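*Asks:* Predicted model follows, preceded by the sequence.
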Amino acid sequence: MLLLYHVAITLLCLAGTIYSRTVTVCSNTTTTVPADFLFLIDGSASMCTYNIDIANSLSTFVTLIASKNINARYAVVAFGGLPSILLPFTSVYTDAKTALQSVGCKRSGWEAGLEAIRMTLNSNNGSDMGQSCLTGYNGTACKIIWRAGSERQIIMATDEDSDIPYLNSYLMPGQGNALCPSGYANGCTGMTIEPPFQPRIFSNQNYYRNASTPISLEGPYYQEIELTANMLTSSGTSISLLMKSDFNANTAGPQSTFNSYNQYFVKNVTDKSVTSDTHTSIVQYGHPNLQSQSSTFGNFNPAETLSNLQLNSLGLSLQAKMLGAGGMMRVYKIQDLLNTTTGPSLLSNMYVEITNDIINCTTYTVTDTTSTTTTTTDTTTTSSTTTTLTTSTSTTTSSTTTSSTSTSSTTTTSSTTSSTSTSTTSSSTTSSSTTTSTSTSSTLTTTSSTTSSTSTSTSTSSTSSSTSTSTSSSSTTSSSTSTSSTTETSTTSTTSTSTSSSSTTTSSTTTS
């Protein structure tokens with residue numbers, strides 16, 4: 001039974017500043033990591049400016065690789081028509097830059113990106129591709145041979161959707177000129193290679209998306225995506241893709257957005273409040289706008305990105321398939337290269353993420369809180385003491401359990417209580433009612449027991465850090481154990497120790 005003779009008043013004041021910072025931790029900083037980087041570049045007419053920027057950025061990439069102890073090789077393949085090897089894997093990065101500069105933008109508009117990916121991974125070492133290697137690498141040396149045990153990364157750039165395969169041997173059953181209406185030939189030549197989509201309407205010798213309902217492809221085109229994803233994940237190959245998120249570059253071809261980039265939408269749709277920016281490239285590859293990451297591409301969260309894709313009817317895209325199978329694929333907006341604000345940093349930030357992935361680096365977001373806590377406790381006369389302490393702490397780097405034990409005993413017939421509190425910041429043994437709290441993430445509720453009128457005020461300044469990461473997390477909990485023995489009188493003692501959340505509680509001592 002609780003007997004309350006005097007009302008206790010506790011005032012808690014908390015003031016502080018919260019700010020965030022990022023910390024990158026790499027699990028491998030000493031061992032040299034072999035890594036093969038294959039640049040897979042669309043060489044069609046609309047890629048001119050992009051390809052110049054990519055070639056010029058290679059020196060930045062090479063410098064970053066050298067700083068992270070990566071044993072790198074580079075290869076270059078261009079597609080647009082029959083994909084061609086321009087450079088087999090080599091450690092001579094100056095040759096890689098020369099090969100990237102030679103991609104140009106005069107290749108065919110037949111941009112079969114998914115086929116090109118599969119060709120670079122084929123066990124025949126790229127013999128299905130054309131051979132246009134630099135001098136010194138031609139002949140039998142002009143092959144794509146990945147090193148056994150190396151980290152594999154494809155860096156791909158395109159501004160179009162993936163057309164049907166160029167070679168018949170790479171066609172999926174049922175792939176063909178589905179976009180050409182039966183008996184209609186005039187003006188249909190360019191549409192024989194385009195991936196068919198729904199919903200669509202044929203108007204003015206072209207196909208247009210005519211509704212905002214989710215866009216979809218025909219079965220064989222999803223089968224091609226599935227096969228490509230399986231080849232990437234089974235070979236342990238990651239892919240970083242620069243692609244257009246706004247619209248396909250071939251504005252004269254089928255228009256699969258449902259917004260102002262679609263001429264049917266502009267001329268025939270009355271209610272323009274309902275739109276969709278999803279187009280065939282996004283359906284095939286993934287959506288740059290749905291990536292769970294920071295503005296500089298750090299803190300990438302594969303699980304959240306996969307969920308975003310699935311919730312937006314893109315669960316069958318290449319990125320969704322790879323992430324769902326435990327592989328790695330990142331997609332970026334290639335059109336941002338043309339932006340004077342975002343362009344200079346886009347490629348460098350992408351290269352940072354690629355190299356971090358190679359040497360198992362994780363970027364953590366750390367939230368720091370600086371606070372001041374003041375607790376004032378008035379006197380309460382009662383026959384019992386109740387102390388409730390709840391502490392929760394999480395960390396991303398280690399798992400620790402700390403426990404503390406407090407023992408209090410009474411051996412005389414008079415009412416005497418002894419209490420000891422141990423913590424990282426203070427210890428207290430007293431006969432008055434004193435409560436000191438230093439915490440950011442803990443909740444402390446205490447009702448003190450005393451027979452004399454005592455008032456204690458304590459101010460404590462504390463700083464705590466909480467850390468979160470997109471890839472892994474573990475939980476650290478500090479537990480406390482309290483043991484109390486009494487022979488003839490009522491005695492209560494409470495002790496808690498916490499190391500991971502910086503929570504300190506001094507005990508309550510009652511003397512009567």
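*Replies:* Alright, I've got the coordinates. Numbering: from 1, shown residues only.
*Asks:* so who does the closest residue to residue 213 other than its chain neighbours touch?
*Replies:* Of all residues not flanking residue 213 in the chain, residue 199 sits nearest, at 5.9 Å (C-beta to C-beta, 6 or more residues apart in numbering). No exception for glycine: its C-beta is placed from N, CA and C like everyone else's. Contact analysis of residue 199 by C-beta atoms under 8 Å, 6 or more residues apart in numbering lists 209, 210, 211, 213, 215.
*Asks:* List buried residues within those.
*Replies:* When the contacts of residue 199 are checked for burial by 16 or more other C-beta atoms under 10 Å, the buried set is 209, 210, 215.
*Asks:* isn't the second one right up against residue 257?
*Replies:* Okay, so that is residue 210. No - using C-beta atoms under 8 Å, residue 210 is not in contact with residue 257, being 11.6 Å away.
*Asks:* in stretch 203-220, what counts as buried?
*Replies:* In stretch 203-220, counting by 16+ other C-beta under 10 Å, buried: 206, 207, 208, 209, 210, 212, 215, 216, 217, 220.
*Asks:* Looking at the residues you listed, which is nearest residue 278?
*Replies:* residue 215 (5.4 Å; C-beta to C-beta).
*Asks:* check contacts around the closest one.
*Replies:* Contacts for residue 215 (C-beta under 8 Å, 6+ apart) come out as 197, 198, 199, 209, 256, 276, 278, 279, 280, 283, 313.
*Asks:* For those, give me CSV that also has distance to residue 304.
*Replies:* Formatted as CSV, those follow (distance: C-beta to C-beta, whole Å):
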residue, distance to residue 304
197, 27
198, 29
199, 29
209, 28
256, 26
276, 22
278, 19
279, 23
280, 25
283, 20
313, 17
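*Asks:* top of these by neighbour count?
*Replies:* residue 256 (28 neighbours; other C-beta atoms under 10 Å).
*Asks:* For residue 199, see how far away the nearest residue to that one once chain neighbours are set aside is.
*Replies:* Counting by C-beta to C-beta, 6+ apart, residue 279 is the residue found nearest to residue 256 once chain neighbours are left out, at 4.2 Å. Remark: distance between residue 279 and residue 199 (C-beta to C-beta, to the nearest Å) = 13 Å.
*Asks:* Need the overlap of contacts for the two.
*Replies:* Residues touching both residue 279 and residue 199 (C-beta under 8 Å, 6+ apart): 209, 215.
*Asks:* now the nearest residue in space to residue 80 that is not next to it in sequence, what's its secondary structure?
*Replies:* Excluding the flanking residues, the one nearest residue 80 by C-beta to C-beta, 6+ apart is residue 107, at 3.1 Å. Going by DSSP: H, G, I helix; E, B strand; the rest coil, the secondary structure assigned to residue 107 is coil.
*Asks:* what do you get for the one 4 residues further on?
*Replies:* When classified by three-state DSSP, residue 111 comes out as coil.
*Asks:* Tell me how many other residues surround the residue lying closest to it once chain neighbours are set aside.
*Replies:* Spatial nearest neighbour of residue 111, chain neighbours left out: residue 160 (4.6 Å); criterion: C-beta to C-beta, 6+ apart. If you count neighbours by other C-beta under 10 Å, residue 160 ends up with 24.
*Asks:* Tell me both backbone torsions, phi and psi, for residue 160.
*Replies:* Backbone torsions of residue 160, given as degrees, to the nearest 10, read phi -130, psi 170.
*Asks:* cool, residue 281 as well?
*Replies:* Reported as degrees, to the nearest 10, the phi and psi values for residue 281 are phi -60, psi -40.
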